[in-house]
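> Task: produce atomic coordinates for the following.
(4 chains, ligands or ions: 4)
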2 protein chains.
Amino acid sequence: MQSQDLKKAGLKATLPRVKILNFLESSKVRHMSAEDVYKAMLESGDDVGLATIYRVLTQFESVGLVTRHHFEEGHSVFELNLGEHHDHIVCIKCGRIDEFYDATIEKRQREIAAKNGFEMTDHALCIYGVCPDCRDQK
Amino acid sequence: MQSQDLKKAGLKATLPRVKILNFLESSKVRHMSAEDVYKAMLESGDDVGLATIYRVLTQFESVGLVTRHHFEEGHSVFELNLGEHHDHIVCIKCGRIDEFYDATIEKRQREIAAKNGFEMTDHALCIYGVCPDCRDQK
DNA sequence: AACGTAATGAGAATTTTTCGCATCTTGAGT
DNA sequence: ACTCAAGATGCGAAAAATTCTCATTACGTT
Ligand SMILES: [Mn+2]
Ligand SMILES: [Mn+2]
Ligand SMILES: [Zn+2]
Ligand SMILES: [Zn+2]
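Ligands and ions are numbered 1, 2, ... in the order given. The predicted structure follows:
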């Protein structure tokens, strides 16, 4: 039940929050914009204001329920946080997003941060390229 | 002379372009927003419209004179391209930006792209953290 | 069930970036 | 140097994404 997840995260289990979390958990698409969520709410008849979508996604981010990405300038992309950190590889032709985790890179990043005297809090690695499908068809 | 660099890049050596390129080359700050460039133009008395700043920076990017970054949501950051690729480590307290290059990470990225069948065209790695100065003073 | 606090919705406002178009430059040709 | 067309600029309007304001509503605790 989403209500419990919300309470556990210290958030009131309001209808909009439950609906949004439910949608994020049931969607097969893992990475989506606020607008994507908004449209999905409209289609399912669950009217939630766009401002609320933004507020809720931001709150979800601050309690760790979702992660926000900036793959391309212009808009944020959100993803339900399933616990395992990973980075992304994005197709510049079709927008397909693959995920990966590389221990070597993770380790080097920590070393680099330390070497520069930074206390690392986060990092974002995004590889851009042309996916197998898009390469074939041209 | 900036005019030559512009011609070499296939761009007309217009006054706004020369002024902007000149500013980018002479500034001690390497990473700046369109607004930063705009304000600098105003201060130096070289009036260049903001729309032109955006147009020129985008053109500079497409001919490889500058690189555009999306360190944080909300606005692009531009940097004069000096030839050597590098990644960034950004202080979340003061905004300080350090640069680094790590051959191991670069290599792993190429391997990951290949393993996923992607033809890599670009990548962006940004480490976020608290810089030495900001750690000390608190 | 009642209440105080926090959340929502709708639209206005912001912020960043792009567009449209009349006017002005640049650079090639003379 | 002079002319001219293509391309560039400036300005304000327009877009696009996100945040804010504030009156109204919903939680969840009593
Ligand atoms: Mn992901
Ligand atoms: Mn840099
Ligand atoms: Zn693709
Ligand atoms: Zn700092």
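> Every contact and neighbour count from this point should use C-alpha atoms.
OK.
> Would you mind splitting chain A into its domains for me?
Here the domain parsing of chain A from automatic domain parsing is A:2-80, A:87-136.
> Regarding chain A, what is its longest strand?
strand A:119-130 (DSSP state E).
> pLDDT (mean, whole number) over that one?
Strand A:119-130 carries an average pLDDT of 95.
> Also stretch A:1-18?
Confidence for stretch A:1-18, expressed as mean pLDDT, is 92.
> Please, where are all the helices along chain A?
Under the criterion DSSP state H, chain A contains helices at A:2-8, A:15-26, A:34-43, A:50-62, A:103-115, A:132-136.
> Give the buried residues for the third one.
Okay, so that is helix A:34-43. Along helix A:34-43, these residues count as buried under the neighbour rule (16 or more other Cα atoms under 10 Å in any protein chain shown): A:34, A:37, A:38, A:39, A:40, A:41.
> Out of the residues you listed, the closest to residue B:54 would be?
Nearest to residue B:54 among the buried residues of helix A:34-43, counting by Cα to Cα, is residue A:34 at 26.1 Å.
> dump the residue contacts of that closest one.
Residue A:34 sits next to A:50, A:53, A:54, A:57, A:76, A:77, A:78 when contact means Cα atoms under 8 Å, 6 or more residues apart in numbering or on different chains.
> hang on, the earlier thing: ok, which of the helices of chain A comes nearest residue B:130?
If you check each of these against residue B:130 by Cα to Cα, helix A:103-115 wins as the nearest, at 9.4 Å.
> is ligand 4 contacted by the closest one?
No: Helix A:103-115 stays clear of ligand 4 (Cα under 5 Å from the ion), getting no nearer than 12.8 Å.
> Show me which parts of that helix are buried, residue by residue.
Within helix A:103-115, the residues scored as buried using 16+ other Cα under 10 Å are A:105, A:109, A:110, A:112, A:113.
> Hmm, residue A:32 is touching residue A:80, no?
No: using Cα atoms under 8 Å, residue A:32 is not in contact with residue A:80, being 9.5 Å away.
> residues near residue A:8, how many?
Residues contacting residue A:8 under the criterion other Cα atoms under 10 Å in any protein chain shown number 12.
> State the distance from it to ligand 4.
Plainly put, residue A:8 is 33 Å away from ligand 4 if you go by Cα to the ion, to the nearest Å.
> for residue A:88, same thing?
Counting by Cα to the ion, the gap from residue A:88 to ligand 4 is 27 Å.
> Contact residues of chain A facing chain B?
Contacts of chain A with chain B, taken as Cα under 8 Å from any Cα of the partner chain, map to A:70, A:72-76, A:89, A:91, A:100, A:104-105, A:108-109, A:112-113, A:116-132, A:135.
> any low-confidence regions in chain A?
In the prediction, chain A carries residues with pLDDT under 70 at positions A:138.
> Nearest to the spatial middle of it, which residue is it?
The centroid of chain A falls nearest to residue A:79 when counting by Cα atoms, centre = their mean (2.2 Å).
> who's in contact with that residue?
Counted by Cα under 8 Å, 6+ apart, residue A:79 has contacts A:24, A:30, A:31, A:32, A:66, A:67, A:68, A:69.
> Tell me the one among those nearest to ligand 3.
Distance to ligand 3, by Cα to the ion, is smallest for residue A:31 among these, at 15.2 Å.
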